[in-house]
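Chemist: generate a structure from the sequence data that follows.
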Amino acid sequence: MSSSSPVSSDQPSMGSYNKLSKFMSSWPEVAIFRRFGALNAQNLLFLQAELVRLEDQLQNIREDDAQSADLEKKLSHQSWRSLVLAHEQGDASTSQWQKVLEIRDKLKEYNAALLEYRELCKLQMPNQRSLEALREWLARPECGDYFLRGIEADVWDADEAEQADDLVSLSPTRPSIRPSDSPAIKIQPTWLAGESSDTAEQTGDEAEPFDSDSDGSTYHDSSATETSRSVPARRTEPFTETIIVFSATKEELKMRCLLDTGMRPNVINVEKAERTGLHIRKYSGRRLIAANGAKFEPVGWIKTDFYFLRRQTAKTYPVKFLVVPKEAPFDVAFGWPFISKAGLLNHNPEAFPLDWEKMDKKSTHNKKRKGEEVKEMNRRIKEEERRAEKEKRNPGGGGQSSGGGSSGGGSSGGSQSST
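Modeler: Residues are numbered from 1 along each chain as shown. You can find the predicted model right below:
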C-alpha cells in the first residue's frame, strides 16, 4: 500500500458513534470523556491576557480624558451621562464608553469560561474498572469492533498515559441499575427495595439514629430506603454469598447473604440478629417493601463484624444492619452502598453487565491480532492526516516537495520509456 493512498481496514467495522452513544446511555459508568484541561486552561489564560490589555487601555483613556479640554470627557469619571455623551460626540474608537462595552463582552466570556472550568474540575476521574469496560466494549467484534480511526482512537487508548489523566466520568461510582439493551443482559425485579411513600411510625425520642460511620453506606433514617427498581443481571436467581458473622461472644455464625443493587440499607433477619446476642437498638425510619409487595417493618438495628467465607482473604467488615421480621426470605441482604465500597460485584461477574464473559482462546487471539492491526493502521492514518494538515498550512512548501517527487518520478518514467 502506498503511503499516500488512503488507509482502510479490509472489512468495515460493525461499530459506530451511534452504537457507542447508546451504550453510554444504558451504562452511565462508561460515559467517560476528555476534560481538555490544558486547552481550557489555555483559553482562560488568553482571555485573561486580553482583559489585562483592555484594562490597561481603559486606564490610559481615563487619564487622557481627565486632562482633556472637553468638559464631557473631563466629567466622564463622575457621571455616566457625561461618559455616554463624550462617546456620542467624539471619536468612538477612542471613547472610554466604547472600551467599557468591549470589556463587558470580554468579561462575560471570561467569567463563563472560568465558572465552566471550575465545574469541570469537580468531575472525578473514572475508576479503572469502568475505563477497562469501555475499552473492552470498543474492542469486541459484537460491540465497538475497533471502529475509531486515526487520532480519534487515542481518546481511550491504554497507551496514551497523559490523555488518561485528562479523562473524567459523568457518572457517580455507584453500581448502575439501569437496564441494558445488550443481548447478554436479562432484567429481574429487585429482591428488596424501599417504598418512599410508606413510612413507619416514629418510636419515640429515645430512638437512636441509624446513620453510618464505617460500613460504607451513605443513608440516614429519613432516607434509608428507595422505590423498587429493576436490576440488570445475567441470571434470574438472587446473587448470594456465604458470610461469617461474629456474635456478642465472638462466636462465628454462618449466614447466607443476598446482594441487591436495588436497595440502600443492609438488612438482617430478626432470628439471625437475635442469634448474635447483640443489643437490638431502636430504629426510626421507613418500612421496607419486597418486590412481591410484602412489607417489612424494621424492628431495630445492630452493628457487627463479618467476613466472606469463600474469599482469598478473610477481610473483616464492620457493618450496620436494619433488623427485619422473620418473614423476610433471607438471612442477610446488602444494599448498593456497601456492595460498591466492598467491591462485591467484582467477585460476582454475573451481577454486573460490565464484567464481560471470558472469550475462548481463538476469539481472544483474533481480537488481540485485530487490535494490533488497527493500532498500526491508525498510526499510518494519523501520519497522513498530519502531513495533509501541514501541506494545507504551507501549500508552497508542500507543493515544492511533491513537485520534486513528481519530477523525480517523471525522469524515472522517462528513463524507462527511452529504454
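Chemist: count of residues packed around Glu327?
Modeler: Here the neighbour count serves as a burial measure; for Glu327 (other Cβ atoms under 10 Å) it reads 11. In short, each C-beta sits where N, CA and C put it, glycine included.
Chemist: in a strand, that's where it is, yeah?
Modeler: No: going by DSSP: H, G, I helix; E, B strand; the rest coil, the assignment for Glu327 is coil, not a strand.
Chemist: phi and psi next, for it.
Modeler: Listed backbone geometry of Glu327 is phi -70, psi -20, with angles given as degrees, to the nearest 10.
Chemist: what does Asp145 give?
Modeler: Backbone torsions for Asp145, taken as degrees, to the nearest 10, come to phi 50, psi 40.
Chemist: residue contacts, Arg35?
Modeler: Counting by Cβ atoms under 8 Å, 6 or more residues apart in numbering, Arg35 makes contact with 120, 123, 166-168.
Chemist: one more time with 6 Å
Modeler: By Cβ atoms under 6 Å, 6 or more residues apart in numbering, the contact list for Arg35 reads 120, 166, 168.
Chemist: let me know the closest of the residues you listed to Val270.
Modeler: Using Cβ to Cβ, Val168 comes nearest to Val270 of those, at 44.6 Å.
Chemist: and that closest one, that one's in a strand?
Modeler: Yes: counting by three-state DSSP, one finds Val168 located in a strand.
Chemist: now do the helices in the protein.
Modeler: 17-26, 37-66, 71-74, 80-89, 96-122, 128-139, 161-164, 270-275, 336-342, 361-393, 395-418 (DSSP state H).
Chemist: quick one: which of the ones you listed is nearest Leu322?
Modeler: Using Cβ to Cβ, the nearest of those to Leu322 is helix 270-275, at 9.5 Å.
Chemist: so what touches the closest one?
Modeler: Contacts of helix 270-275 from elsewhere in the structure, counted by Cβ under 6 Å, 6+ apart, are 253, 255, 299, 302, 323, 325-326, 331.
Chemist: lowest pLDDT pick from these?
Modeler: Lowest in pLDDT among the contacts of helix 270-275 is Lys326, which has 77.
Chemist: what about the closest residue to it other than its chain neighbours, how many neighbours?
Modeler: The spatial neighbour of Lys326 that comes closest, neighbours along the chain excluded (Cβ to Cβ, 6 or more residues apart in numbering), is Glu271 at 4.9 Å. Around Glu271 sit 12 other residues, with neighbours defined as other Cβ under 10 Å.
Chemist: and for the one 4 residues further on?
Modeler: Arg275 is flanked by 16 other residues according to other Cβ under 10 Å.
Chemist: could you dump stretch 242-261 to CSV, C-alpha only?
Modeler: The C-alpha coordinates for stretch 242-261 follow below in CSV (Å, rounded to 0.1, in the frame of the first residue of the first chain):
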residue,chain,number,x,y,z
THR,A,242,-22.0,-17.1,52.5
ILE,A,243,-20.7,-14.9,55.3
ILE,A,244,-19.5,-15.5,58.8
VAL,A,245,-21.0,-13.1,61.3
PHE,A,246,-19.5,-12.5,64.8
SER,A,247,-21.8,-12.8,67.8
ALA,A,248,-21.5,-10.8,71.0
THR,A,249,-19.3,-13.6,72.4
LYS,A,250,-17.2,-13.7,69.2
GLU,A,251,-18.9,-16.9,68.1
GLU,A,252,-18.8,-17.3,64.3
LEU,A,253,-22.3,-17.7,62.8
LYS,A,254,-22.7,-18.8,59.2
MET,A,255,-25.3,-16.9,57.2
ARG,A,256,-26.5,-16.7,53.6
CYS,A,257,-26.4,-13.1,52.3
LEU,A,258,-28.2,-11.6,49.3
LEU,A,259,-26.6,-8.8,47.1
ASP,A,260,-29.2,-6.4,45.9
THR,A,261,-28.2,-3.2,44.0
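Chemist: which residue sits closest to Lys370, ignoring its sequence neighbours?
Modeler: Residue nearest to Lys370 in three dimensions, not counting chain neighbours: Tyr146, with 6.3 Å by Cβ to Cβ, 6+ apart.
Chemist: also Asp165?
Modeler: In space, not counting the residues next to it along the chain, Asp165 is nearest to Met125; the distance is 7.5 Å by Cβ to Cβ, 6+ apart.
Chemist: hmm, back to that, just the buried residues out of the contacts of helix 270-275, in ChimeraX syntax.
Modeler: To isolate the buried ones among the contacts of helix 270-275 in ChimeraX, judged by 16 or more other Cβ atoms under 10 Å, type:
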select :253,255,302,323,331
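Chemist: can I get the contacts of helix 270-275 in a markdown table including distance to Ala38?
Modeler: Written out in a markdown table, the entries for the contacts of helix 270-275 read as follows (distance: Cβ to Cβ, whole Å):
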| residue | distance to Ala38 |
| --- | --- |
| Leu253 | 56 |
| Met255 | 52 |
| Val299 | 57 |
| Ile302 | 51 |
| Val323 | 53 |
| Pro325 | 58 |
| Lys326 | 60 |
| Asp331 | 53 |
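Chemist: most tightly packed of the helices of the chain?
Modeler: The densest packing among those, expressed as mean neighbour count by mean count of other Cβ atoms under 10 Å, is seen in helix 336-342 with a mean of 20.
Chemist: hang on, the earlier thing: ok, now how distant is the residue nearest to Asp165 from Leu115?
Modeler: Computed with Cβ to Cβ, to the nearest Å, the distance linking Met125 and Leu115 is 21 Å.
Chemist: Asp56 too?
Modeler: Applying Cβ to Cβ, one obtains 25 Å for the distance of Asp56 from Leu115.
Chemist: same question, Leu39
Modeler: Taking Cβ to Cβ as the criterion, Leu39 is separated from Leu115 by 17 Å.
Chemist: with Phe46 instead?
Modeler: In this structure, Phe46 and Leu115 are separated by 17 Å, where distance is defined by Cβ to Cβ.
Chemist: how about low-confidence regions in the stretch 201-350 of the chain?
Modeler: 201-240, 260-263, 288-294, 310-314, 340, 343-350 (pLDDT under 70).
Chemist: could you list the domains of the chain?
Modeler: According to the domain assignment given by automatic domain parsing, the chain is divided into the following structural domains: 37-122, 186-351.
Chemist: quick revisit: among the helices of the chain, show the one with the smallest mean pLDDT.
Modeler: Here the helices of the chain differ in mean pLDDT, and the lowest is helix 395-418 at a mean of 47.
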